[in-house]
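Peer 1: Quick one, what's the 3D model for this:
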Amino acid sequence: QLQLVESGGGLVQPGGSLRLSCAASGFILGSYAIGWFRQAPGKEREGVSCIGRSGSTNYVDSVKGRFLISRDNAKNMVHLQMSSLKPEDAAIYYCAAVAYGYISGCPPAANGYRYWGQGTQVTVSS
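Peer 2: Now for the predicted structure:
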C-alpha cells in the first residue's frame, strides 16, 4: 500500500526554523515528483514547493529564500527546511507524490498529485 507520512511540525516562534519530513512506504520516492502544500483555517490549499525527479525545484514566491526542499533518496524521504518562519506560514502542511517524467519537473497544483499524506501542523506564534 502506498503511503506518505509527514513529520516535523510543531510550535515555533516567529523567525524560527522547522524541518518537515515526508516518508514514503510502498513506493520509491525517487521515482516520483513530490510537492509540499499547506492549508490554513478558512483558506484554500496552497502549493509551497515541489521537487522533480531530477532534483529541479519550485517555490511559491512567499517562501523563496526561506524554505528549501530536498530529497534523501537513501532514506526514501523528502524534507522541507523552513527558516525565518512568519505567522502567515502557520498551516497544516501536506506532502504529495505523483509519478512524473524525469525531465518534466513537478506539478505546481494540488490536482497534479495522486498520493497524499495526512499532514503535519505548523504553528508560528510568540
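
Peer 1: Now do the SS call for N111.
Peer 2: Secondary structure, DSSP: H, G, I helix; E, B strand; the rest coil: N111 is helix.

Peer 1: start the count at 55, not 1, going forward
Peer 2: Okay, residue one is now 55; in that scheme the one you just asked about reads as N165.

Peer 1: number of nearby residues for it?
Peer 2: 7 (other C-beta atoms under 10 Å). From N, CA and C alone the C-beta is placed, and that goes for glycine too.

Peer 1: Please apply the same query to the one 4 residues further on.
Peer 2: Y169: 17 surrounding residues under other C-beta under 10 Å.

Peer 1: Mind telling me what element the residue nearest the centre of the chain is part of?
Peer 2: Geometric centre of the chain, nearest residue: W90, 2.4 Å, by C-alpha atoms, centre = their mean. Per DSSP states H and E: W90 is located in strand 86-93.

Peer 1: check contacts around S110.
Peer 2: 159-160 (C-beta atoms under 8 Å, 6 or more residues apart in numbering).

Peer 1: ok so S158 is a helix residue?
Peer 2: No. Under three-state DSSP, S158 falls outside any helix and is assigned coil.

Peer 1: Please consider this matter closed, and thank you.
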